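> I'll drop the sequence and a predicted model, then ask my questions.
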Amino acid sequence: MLRIHFTGDDLARVRMAAKPDVLWETILSFHRLRERRRAVMFGEWRSETRTRLNGETSLLAALVPPRGYFPDFLTPPEAGGGLESGLAAIQATPPVRLHSELTLASASRASARAAARAPGAPTGPAGPAGQPVQVPESALPAGTAGVTTPPVVAGLAEGLSSPMSRLLTTLRSYHRAAVEPYWAHIQARVEADRAVRGRALLDGGAAELLCSLPPVLRWRAPVLEADYPVDREIRLDGRGLLLQPSFFCRDTPVVLRDAGLPPVLVYPVAHSPDPVFGETAGALAPSLGRLVGHTRSAILQAIRYGCTTSELARRAGVSLASASQHAAVLREAGLVLTLRHGNAVLHTLTPLGAALLRGGAPAEATP
């Protein structure tokens, strides 16, 4: 069980991340790449990504296991400013921290392997298949002596410049293959989630925002709970909490292991069971032909910043039934994304819908 304890000051300092975090998405996508589940949802993306990667993932695989702990330094808060800012923060990680976190990662992996070999033994500090979980050191066996570490990881733990350069190059290359081509879709999903959370915050404050989080999280004031493979008790102690919606996070939220780092909770955005990057121009053409006319243009304008169906009807000056019908057509055309919020539904634009309003001008590129 994961339990995050809030004070009154913490509730006043809950923040929503302004956009997807480029390194969290990069690292979490590596978990999605290796899992076998969700073939319909991620299958096409996996095939395309593997073709671009050409098998060059050995260093990432050594640092990020299929399940269990991975080093906190791989997801610095500076990545909120873009990929290069995040990579610069990784490069500036103090050697003592590199050594500590990489040693813990090696010990965690060794523990998981030993547990897997033991007949009838539990799986150790690991989450659901393919899902990362940042585990406390107490969940690992005492002592790390004799843990075998790949040479490049050992060099990284010693603070050597060559392994660090290789890591930065690997992260940059992997991001360009697995995340950058899909950034507009990732942004759209995160923006849709932010719209839902923002509306909850406006309706009922921080407590309502926490109540609105996905079902894997439960707000039982003053504690936010989630099912977790290991017991974690996190006390915010007035530091607040950054809520980071993530496209590639699935099933289980993720928190940093080091309690001294700025608190962040990474949680999964909503997905349909359909292919996550399945829209193509050819598939959309028949639906797009139905969009000619001033009414649908007004509908798109009204949805620009997110709205419920009732608000859409008022903004566009149409009946509730007409607003619902227009939103359904736009959704079928891939221009609108609809998420449920309580008893209402919230409509936001997809990258294609936003591009149509901009007249084809390019959207913000991956940072």
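Great, that's in hand.
> going by C-alpha atoms from here, please, whenever you check contacts or count neighbours.
Will do.
> quick one: residues contacting Leu243.
The contact partners of Leu243, by CA atoms under 8 Å, 6 or more residues apart in numbering, come to 14-17, 264-267.
> buried stuff in stretch 86-99?
Buried residues in stretch 86-99, counting neighbours by 16 or more other CA atoms under 10 Å, are found at 86-87, 89-91, 98-99.
> and the residues you listed as JSON lines, adding distance to Val179 and secondary structure?
Formatted as JSON lines, these follow (distance: CA to CA, whole Å; DSSP: H, G, I helix; E, B strand; the rest coil):
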{"residue": "Gly86", "distance to Val179": "15", "secondary structure": "helix"}
{"residue": "Leu87", "distance to Val179": "15", "secondary structure": "helix"}
{"residue": "Ala89", "distance to Val179": "20", "secondary structure": "helix"}
{"residue": "Ile90", "distance to Val179": "19", "secondary structure": "helix"}
{"residue": "Gln91", "distance to Val179": "21", "secondary structure": "helix"}
{"residue": "Leu98", "distance to Val179": "25", "secondary structure": "helix"}
{"residue": "His99", "distance to Val179": "28", "secondary structure": "helix"}
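> wait, which of those is closest to Phe248?
Gly86 (17.9 Å; CA to CA).
> please name the nearest non-neighbouring residue to the closest one.
Using CA to CA, 6 or more residues apart in numbering and skipping residues adjacent in sequence, the residue nearest Gly86 is Ala79, 3.7 Å away.
> ok, that neighbour - contacts?
21-23, 85-87, 89.
> let's see it at 7 Å
Ala79 sits next to 21-23, 85-86 when contact means CA atoms under 7 Å, 6 or more residues apart in numbering.
> about what we covered before: most neighbours, which of the contacts of Leu243?
Tyr267 (23 neighbours; other CA atoms under 10 Å).
> make sure it is indeed in a strand.
Yes - going by DSSP: H, G, I helix; E, B strand; the rest coil, the assignment for Tyr267 places it inside a strand.
> bridged to it, which residues?
Pro245 (DSSP bridges).
> against Gly260, how distant is Asp237?
As judged by CA to CA, to the nearest Å, Asp237 and Gly260 stand 11 Å apart.
> of these two, who's got more company?
Using other CA under 10 Å as the criterion, Asp237 and Gly260 rank with Asp237 on top: 12 against 8.
> spit out the contact partners of that one.
Thr7.
> checking it next. Helix, strand or coil?
coil.
> now swap in Trp219 and tell me
Assignment for Trp219 (three-state DSSP): strand.
> might one say that it is in contact with Glu225?
Yes - counting by CA atoms under 7 Å, Glu225 is a contact partner of Trp219 at 6.3 Å.
> make sure Thr338 is indeed in a strand.
Yes - judged by three-state DSSP, Thr338 forms part of a strand.
> quick check on Gly68: phi, psi?
Dihedral pair for Gly68: phi 100, psi -170, per degrees, to the nearest 10.
> so how many other residues sit close to it?
For Gly68, using other CA under 10 Å, the count is 24.
> ok, back up a step: in TSV, list the buried residues of stretch 86-99 along with pLDDT and distance to Leu210.
Shown next, in TSV, are those (pLDDT from 0 to 100; distance: CA to CA, whole Å):
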residue	pLDDT	distance to Leu210
Gly86	97	27
Leu87	97	31
Ala89	97	30
Ile90	97	30
Gln91	97	34
Leu98	95	33
His99	94	36
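> nearest to Ala354, of these?
Gly86 (27.4 Å).
> just list the residues touching that closest one, thanks.
Here Gly86 is in contact with 23, 76, 78-79 (CA under 7 Å, 6+ apart).
> wait, Cys249 sits on Pro268?
Yes - at 4.8 Å, Cys249 counts as touching Pro268 under the criterion of CA under 7 Å.
> could I get the contacting residues of the most centrally placed residue in the chain?
The structure's the chain has its C-alpha centroid closest to Ser246; by CA atoms, centre = their mean the separation is 1.8 Å. Going by CA under 7 Å, 6+ apart, Ser246 touches 20, 25, 190, 266-269.
> elements contacting the helix or strand hosting Val345?
Val345 is part of strand 344-349, with elements assigned from DSSP states H and E. Counting contacts by 3 or more CA pairs under 7 Å, 6 or more residues apart in numbering; DSSP states H and E, strand 344-349 packs against helix 294-303, strand 307-308, strand 336-341.
> quick one: residues in contact with whichever helix or strand comes after the shortest one.
Looking back up the chat, that one is strand 307-308. Proceeding N to C from strand 307-308, the next assigned helix or strand is helix 309-316, under DSSP H and E. Residues outside helix 309-316 that contact it (CA under 7 Å, 6+ apart): 298-299, 302-303, 319-320, 323-324, 345.
> how many residues are close by Leu171?
20.
> ok, now the one 3 residues further on?
Using other CA under 10 Å, Tyr174 has 23 other residues around it.
> before we move on, the earlier item: turn the buried residues of stretch 86-99 into JSON lines, including distance to Thr57.
As requested, these are exported to JSON lines (distance: CA to CA, whole Å):
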{"residue": "Gly86", "distance to Thr57": "19"}
{"residue": "Leu87", "distance to Thr57": "17"}
{"residue": "Ala89", "distance to Thr57": "21"}
{"residue": "Ile90", "distance to Thr57": "18"}
{"residue": "Gln91", "distance to Thr57": "19"}
{"residue": "Leu98", "distance to Thr57": "20"}
{"residue": "His99", "distance to Thr57": "22"}
